[in-house]
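S.K.: predicted model and sequence follow; I will ask about them next.
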Amino acid sequence: MADERGWSLGLGGGDLERLLAEAAQHKGESLWQDAWRRLRRNRTAWWSLVFLAVFTAVAFLAPLLPLPSPVTLDLQLEPQPPVAPWTELGRHGFERDYWELSWIDERLVDARVALFGDWQTGPWLGTDAKGRDILARIVWGSRTSILVALAAALCSLAIGVTYGALAGYLGGAIDNVMMRIVDILYSIPFIFVVIFLITIVNEYRAELEDTYGIDRETIFYLVIGAIYWLTMARVVRGQVLSLRHAEFIDAARVLGASTRRIVFVHLVPNVLSIVIVYLTLTIPAVMLFEAFLSFLGLGIEPPKVSWGLLAVDGSEMVNPVRLYWWLVLFPAGAMGATLLALNLVGDGLRDALDPKLRGKD
């Protein structure tokens, strides 16, 4: 059979077998496989992604780590400076002193006590004026920022992608009405919306928690998440407008595919690359916004901790007499490193998912 095909193509049997062997060595790859390969070749973006994965894992496993409680007080005259780990690896005296934790966090704390007993790490990053460990507060505070960022990302995906894809595909008057609604929402100063909603929640906090099981923190997450879907809707709409008259969409329409199937099966998967890149840019903005609101006293409330509350504690200790540098440097460094890594990953994903660069490296 190989000889017959070889003679029909003007090739000898040995040449055809060689070509077939070479073809077998070169396997095709999808767009996502090619993007993953190029992302791994981008060392800066890859190591930034590894850093974010490790940092996120440490943040969510904070109850399991042998860290001091972030709210245990040890009142003293002034903050204590950092000590090197080899100078003071740790000490005994861990106190199970937390706010109301979730069921999962409670089980993790139980595992922490079973593994490490009352041993805890030393003040490697120093303490504040109330004797609270800075390392523990940074790790626990990062959980809040990550949760807020995830809430905003999910809202952007659920609301922004659906809204923008429907507006772009339906077009005409429906598109105009839907995008004018987005323009109206854009014109609202969201800082005032947040202040208004948080004020309402504080007024009816007991009723909301008892009747609906909704606390102030949940409202805070939802409000921030609901703000960031507007730009996502515009981005997705613009991409869908360029694809709505493509040949594969016309073919699906002729075959009788419903609007929902065309939007979610054919259009949305083709704009996911843009969506993923935009999400990596949304998450740093959300983290900064949460820190800003917490700094103003509109976000997370003590005894819980967030990066915004750490900024408040650091600003209170900045004075012309003496600068307690570790209260400012370490929280700012953790937040800055996370935001930088997110932006580097976003740049790497933008290059990796660009179809114009496919096959050029």
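M.R.: Received the coordinates, thanks.
S.K.: can you give me the strands for the stretch 101-250 of the chain?
M.R.: Counting by DSSP state E, counting those that start in this stretch, the stretch 101-250 of the chain has strands at residues 119-121.
S.K.: where does pLDDT dip in it?
M.R.: The stretch 101-250 of the chain contains residues with pLDDT under 70 at 212-213, 215-216.
S.K.: do a quick rundown of the helices in it.
M.R.: 103-116, 134-155, 162-170, 172-186, 190-203, 205-207, 216-227, 229-243, 247-254 (DSSP state H, counting those that start in this stretch).
S.K.: closest to residue 265 out of those?
M.R.: The closest of those to residue 265 is helix 247-254. By C-beta to C-beta, the value is 8.1 Å. Using the backbone N, CA and C atoms, a C-beta is placed for each residue, glycine as well.
S.K.: tell me which residues of the closest one come out buried.
M.R.: 249, 252 (16 or more other C-beta atoms under 10 Å).
S.K.: which elements pack onto it?
M.R.: The helices and strands touching helix 247-254, judged by 3 or more C-beta pairs under 8 Å, 6 or more residues apart in numbering; DSSP states H and E, number zero.
S.K.: the inter-axis angle of that helix versus helix 162-170?
M.R.: 80 degrees (axes from the mean of the first three to the mean of the last three C-alpha atoms, to 10 degrees).
S.K.: now helix 247-254, how far from the chain's geometric center?
M.R.: Centroid separation between helix 247-254 and its chain, computed with C-alpha atoms, centre = their mean, to the nearest Å, is 35 Å.
S.K.: likewise stretch 81-91?
M.R.: Relative to its chain's centre, stretch 81-91 lies at 32 Å (C-alpha atoms, centre = their mean).
S.K.: cool, stretch 235-242 as well?
M.R.: Counting by C-alpha atoms, centre = their mean, stretch 235-242 is centred 23 Å from the centre of its parent chain.
S.K.: would you tell me which of the helices of the stretch 101-250 of the chain gets closest to residue 50?
M.R.: Proximity to residue 50 (C-beta to C-beta) singles out helix 134-155 among the helices of the stretch 101-250 of the chain, at 16.2 Å.
S.K.: which strands and helices sit next to the closest one?
M.R.: In terms of contacts (3+ C-beta pairs under 8 Å, 6+ apart), helix 134-155 is packed against helix 43-60, helix 216-227, helix 268-296, helix 307-316, helix 326-352.
S.K.: pull out the buried positions in that helix.
M.R.: Residues of helix 134-155 classed as buried under the neighbour-count rule (16+ other C-beta under 10 Å) are 134-149, 151-153, 155.
S.K.: how far away is residue 145 from residue 196?
M.R.: 23 Å (C-beta to C-beta, to the nearest Å).
S.K.: typo on my end, it should be residue 313
M.R.: From residue 313 to residue 196 the distance is 27 Å (C-beta to C-beta).
S.K.: more neighbours, the two?
M.R.: Shown here are residue 313 and residue 196; by other C-beta atoms under 10 Å, residue 313 has more neighbours (21 against 11).
S.K.: contacts only, for the more buried one.
M.R.: Contact analysis of residue 313 by C-beta atoms under 8 Å, 6 or more residues apart in numbering lists 128, 327.
S.K.: now residue 166
M.R.: By C-beta under 8 Å, 6+ apart, the contact set of residue 166 is 178, 263.
S.K.: ditto for the one 5 residues further on
M.R.: By C-beta under 8 Å, 6+ apart, the contact set of residue 171 is 241, 244.
S.K.: okay, now the residue nearest to residue 235 when sequence neighbours are not counted: neighbour count?
M.R.: Sequence neighbours aside, residue 278 is the residue nearest to residue 235 in space, at 5.6 Å (criterion: C-beta to C-beta, 6 or more residues apart in numbering). Using other C-beta under 10 Å, residue 278 has 22 neighbouring residues.
S.K.: residue 95 contacts residue 72, correct?
M.R.: Yes: counting by C-beta atoms under 8 Å, residue 95 does reach residue 72; the two are 5.1 Å apart.
S.K.: quick one, which of those two is more surrounded?
M.R.: residue 72 (18 against 13).
S.K.: which SS class is that one?
M.R.: With DSSP: H, G, I helix; E, B strand; the rest coil as the basis, residue 72 sits in coil.
S.K.: ok, it to residue 269 distance?
M.R.: In terms of C-beta to C-beta, residue 72 sits 49 Å off from residue 269.
S.K.: much appreciated, bye for now.
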